[in-house]
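Colleague: No sequence on hand, only this structure:
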């Protein structure tokens, strides 16, 4: 009984501390990704997700007050020279002024004088118009500094003298290229020699709303309040994102530079003009170079070559329609990262692998849709690449950790089960005791690390030996525990003076009274008297004994018995005695032998046992059990073993 208790303690269920190591690791990974996100190390990938959102969202609202006047290939071909003679620009200004355009913006820098006559004509037209805005450009410095606005190195180009005095306003036209070379941002102000210079389209918009630059409500690194309704978001360098309304050819009103000139000439001649110039009334007209292959084309989110004049038009359009893109601040993105990281770790650690994978994929899909909806409908740019990266890494690590954890648990269980297996073997004597006149051998192969089959040999007297075989109703650890208890109790009762039936009765009464597991055990117990050559047999629901007499058919011996041990207290068992002689072979076995199956689901059966036993009558007991076992394994081949296999061969000498 002490041995059984010790066995129970050794192979009890293993409790492993469930410290949140996976959650801690997820937090560490989240912190690393947060740092990567904060310093925007993988910004090129995040920008790629932004471009995809630009392409997938519908075309945005475009103001009717914007007109783009293109210096395209048709204009260059018909004028025939580049740069265009400034008298053509003067003519255009005169026409737009005549037809009451609201503002005239030139996306070109007239830095050098061309010829005196043309330059004077241009100066005069600009002065008379009082609505012309000219451009200047600065050389950017690589050092951003700590200023709220982008600091520049020097003034690169500006309108030549007298021309600058004639202009209604002058602003810079610097467009900032991101790390991938695409244009997505413009600085609303640049700082040069402690003075702020406005972005040209922004200057035009301020004049449009009669808002002097010195009256603007500027919140550095946050926004510029143009009107009570219009708040332009800016980043830490005073830059705003370009909200591209759509593809170049699908947005804004486009007019050809040369067609406007020709239309005016046609009107003077009384002809029907190509363009209804009255359409330009009250329009903000932006004049710029758009010819393919020229220098003023920029890679942009929607198109590989996007004209600079289009960038300016989009900025003005965003202000007029109050439609801006706002990038969520770093704290918001960090909060999202932490939430997604912890959620992914929690789900992965709690769910089974396949379900966890499906949930995480669903989480990635939902967040992708959420970030797209935030961009398309609420004009908010949430980081997408960093959360996707974080969720993927946390899932992979959590899954790997879970795999390692489960693997360690299995290894620990296997080590404990190995100890249990060795203890079980100590209960079951691998080498039967020697008894003069009998050759005894046993073989056992558990279906799991430990099994529910049991056997024992009891040396009762000089002439008698008790041999028991049993099979617990179950497999694995529970059956092994029940087996240990049964063997301990059996040894206690078998050392008494009673016969096999008495032992079975006492064993059954004790186990039925003490066991609450619901398990039971079939037992076959015989006592061999080598002096009287008699077998005394009791059967408690076990398989019948197989007997092979010399020169006779192999047969089974059925003993009228009782129920299996442990089912009902008070069960009585009967005893049968049979004589034996030299050469007789007795085989005890469990149902793991008869019910062993091959890949075709055929059972080995009692008939194959008899046939195998019949073919090895002249062998020793050890050779008999080995032969039958090899025959069984040859029959089952690659089919898995589903039950314990135990055989005891007794051969009379």
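Modeller: Yes, it's here. As the structure is a prediction and not an experimental result, all values here were calculated from the model.
Colleague: need the longest helix for the protein.
Modeller: For the chain, the longest helix by residue count, based on DSSP state H, is helix 385-427.
Colleague: That helix packs against which elements?
Modeller: Helices and strands touching helix 385-427, by 3 or more CB pairs under 8 Å, 6 or more residues apart in numbering; DSSP states H and E, are helix 2-10, helix 21-38, helix 43-56, helix 330-350, helix 353-378, helix 476-494. The way it works is simple: take the backbone N, C-alpha and C, and place the C-beta from them, glycine included.
Colleague: Hey, what's the angle from the very next helix or strand once past it to helix 385-427? Just curious.
Modeller: Using DSSP states H and E, the helix or strand that follows helix 385-427 in sequence is strand 438-445. Strand 438-445 and helix 385-427 are oriented at 170 degrees to each other (axes from the mean of the first three to the mean of the last three CA atoms, to 10 degrees).
Colleague: Mind listing what's buried along the following helix or strand past strand 438-445?
Modeller: Scanning forward in sequence from strand 438-445 by DSSP H and E, the next helix or strand is strand 453-459. Neighbour counts over strand 453-459 (16 or more other CB atoms under 10 Å) mark 453-458 as buried.
Colleague: Any chance of TSV for the helices and strands packed on helix 385-427, columns mean neighbour count, mean pLDDT and distance to residue 577?
Modeller: Output for the helices and strands packed on helix 385-427, formatted as TSV (neighbours: other CB atoms under 10 Å; pLDDT from 0 to 100; distance: least, CB to CB, whole Å):
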stretch	mean neighbour count	mean pLDDT	distance to residue 577
helix 2-10	14	42	32
helix 21-38	18	76	65
helix 43-56	17	96	87
helix 330-350	19	90	63
helix 353-378	15	95	60
helix 476-494	22	86	18
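Colleague: possible to save those as TSV with distance to residue 534?
Modeller: Listed next are those as TSV, based on distance: least, CB to CB, whole Å:
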stretch	distance to residue 534
helix 2-10	32
helix 21-38	66
helix 43-56	88
helix 330-350	65
helix 353-378	61
helix 476-494	17
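Colleague: now for those, which one comes closest to residue 123?
Modeller: For residue 123, the closest of the helices and strands packed on helix 385-427 is helix 43-56, at 40.7 Å, according to CB to CB.
Colleague: List the strands paired with the helix or strand following that closest one, with their directions.
Modeller: Using DSSP H and E, the next helix or strand after helix 43-56 towards the C-terminus is strand 66-71. Here strand 66-71 is paired, per DSSP bridges, with strand 253-256 (parallel), strand 284-289 (parallel).
Colleague: Please work out which of those strands is packed deepest.
Modeller: Burial of the strands paired with strand 66-71 is given as mean neighbour count (mean count of other CB atoms under 10 Å); strand 284-289 ranks first at a mean of 25.
Colleague: tell me the average confidence for it?
Modeller: Averaged over strand 284-289, pLDDT sits at 97.
Colleague: circling back: what would the strands paired with strand 66-71 look like in TSV with distance to residue 527?
Modeller: As requested, the strands paired with strand 66-71 are exported to TSV (distance: least, CB to CB, whole Å):
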stretch	distance to residue 527
strand 253-256	111
strand 284-289	112
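Colleague: Figure out which of these is closest to residue 41.
Modeller: Taking those one by one with CB to CB, strand 284-289 is closest: 35.6 Å.
Colleague: which residues are in contact with that closest one?
Modeller: Residues from elsewhere that reach strand 284-289 (CB atoms under 8 Å, 6 or more residues apart in numbering): 65-71, 89, 92, 96, 101-108, 201, 204, 208, 257, 295-296, 307-309, 312-313, 316.
Colleague: Kindly recompute the last result at 7 Å.
Modeller: 65-69, 71, 92, 96, 101-108, 204, 257, 296, 307-309, 312-313, 316 (CB atoms under 7 Å, 6 or more residues apart in numbering).
Colleague: circling back: and which of the buried residues of strand 453-459 is nearest residue 234?
Modeller: residue 453 (80.3 Å).
Colleague: In contact with that closest one: list those residues for me.
Modeller: By CB under 7 Å, 6+ apart, the neighbours of residue 453 are 444, 471, 590, 592, 644, 646.
Colleague: Could you give the bridge partners of the second one?
Modeller: Legend: beta-bridge partners of residue 471 under DSSP bridges are residue 453, residue 522.
Colleague: repeat for the last one
Modeller: In this structure, residue 646 bridges to residue 444 when assessed by DSSP bridges.
Colleague: looking at it, it is touching residue 447, isn't it?
Modeller: No - the pair residue 646 / residue 447 is not scored as a contact, 10.9 Å apart, by CB atoms under 7 Å.
Colleague: These two: which has the busier surroundings?
Modeller: The residue with more neighbours, out of residue 646 and residue 447, is residue 646; 26 against 18, by other CB atoms under 10 Å.
Colleague: and the more buried one, what is it in contact with?
Modeller: By CB under 7 Å, 6+ apart, the neighbours of residue 646 are 444, 453, 455, 469, 589-590, 592.
Colleague: among those residues, which two are most distant?
Modeller: Within the contacts of residue 646, two members stand farthest from each other by CB to CB: 455 and 592, at 12.6 Å.
Colleague: related to what we said a few turns ago, which among the buried residues of strand 453-459 gets closest to residue 639?
Modeller: Distance to residue 639, by CB to CB, is smallest for residue 453 among these, at 19.0 Å.
Colleague: re earlier: any chance of CSV for the contacts of residue 453, columns distance to residue 602 and pLDDT?
Modeller: Output for the contacts of residue 453, formatted as CSV (distance: CB to CB, whole Å; pLDDT from 0 to 100):
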residue, distance to residue 602, pLDDT
444, 23, 91
471, 21, 93
590, 19, 95
592, 15, 92
644, 20, 88
646, 21, 94
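Colleague: Is it possible to get JSON lines of these that adds distance to residue 516?
Modeller: Formatted as JSON lines, these follow (distance: CB to CB, whole Å):
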{"residue": "444", "distance to residue 516": "27"}
{"residue": "471", "distance to residue 516": "20"}
{"residue": "590", "distance to residue 516": "25"}
{"residue": "592", "distance to residue 516": "26"}
{"residue": "644", "distance to residue 516": "23"}
{"residue": "646", "distance to residue 516": "26"}
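Colleague: What subset of these is buried?
Modeller: For the contacts of residue 453, buried by 16+ other CB under 10 Å: 444, 471, 590, 592, 644, 646.
Colleague: Quickly check those residues for the two that are furthest apart.
Modeller: Across the buried ones among the contacts of residue 453 (CB to CB), the longest gap, 11.3 Å, separates 444 and 471.
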